[in-house]
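# Requesting a structural model of the entry that follows:
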Amino acid sequence: MKKDVEKKNVKKDKVKINKKVLIGCLSLILLIIVGTGLFFILRDTSTKTIQLEVLPKDIYEWKCDIKDKKIVKLNDKKVTGDTEDKNGGIVYEKYTFKALKSGKTTMTFTYTNTQNGSFGEIKYYDVVVDKNLSLTIKERNLK
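Here you go, the predicted model:
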């Protein structure tokens, strides 16, 4: 009789453990699903960055012209890299743009001489902002 009671207690303990394991697994799966969903919801698609190479201590800099400033705006411009490198190291100008309203426009970047206004290189970008303010910027291939 005592052995039967012990067997029943062992079965109850196993059932309790199995319930805990099952609840833990379901909680983990739910957490993964919710976390993944939040990632896609909270991911900011309304900003994009363009990075353009410049030479340190060069007399040229990139100038940005946005055709329709009601669709997208320049949010930030930063220079990164070793600007004091006298051996020709690489420096980048990073431009961050923010979507304002849905539509299409273009941006032109001109590598301009700061001393006399002449230019070296021109890059063209097509900009699309959808109804959810998701921003897409693609460099136009002119070749």
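# Which segments of this protein make up each domain?
1-43, 47-139 (automatic domain parsing).
# tell me, which of those domains is the model least confident about?
With a mean of 59, domain 1-43 has the lowest mean pLDDT of the domains of the chain.
# Surely Leu28 is within a strand?
No - assigned with DSSP: H, G, I helix; E, B strand; the rest coil, Leu28 falls outside any strand and is helix.
# gap between it and Asp130?
35 Å (Cβ to Cβ, to the nearest Å). No exception for glycine: its C-beta is placed from N, CA and C like everyone else's.
# Please apply the same query to Leu100.
13 Å.
# Would you state the helices of this structure in chain order?
2-42 (DSSP state H).
# Strands of that one, start to end?
47-54, 60-66, 72-81, 91-99, 103-113, 119-129, 135-139 (DSSP state E).
# The last one: partners in the sheet, and parallel or antiparallel?
Which is strand 135-139. strand 119-129 (antiparallel) (DSSP bridges).
# Which positions in the strand it pairs with come out as buried?
Taking 16 or more other Cβ atoms under 10 Å as the neighbour-count basis, strand 119-129 is seen to contain the buried residues Lys123, Tyr125, Val127, Val128, Val129.
# For the residue lying closest to Val128 once chain neighbours are set aside, give me its contacts.
In space, not counting the residues next to it along the chain, Val128 is nearest to Thr136; the distance is 4.6 Å by Cβ to Cβ, 6 or more residues apart in numbering. By Cβ atoms under 8 Å, 6 or more residues apart in numbering, the residues touching Thr136 are Lys48, Val127, Val128, Val129, Asp130.
# which one of these is nearest Ile90?
Closest approach between the contacts of Thr136 and Ile90, by Cβ to Cβ: Lys48, at 21.3 Å.
# circling back to that earlier point, looking at Leu100 and Asp130, which is more packed in?
Taking other Cβ atoms under 10 Å, Leu100 and Asp130 do not tie; Leu100 has more neighbours (16 against 12).
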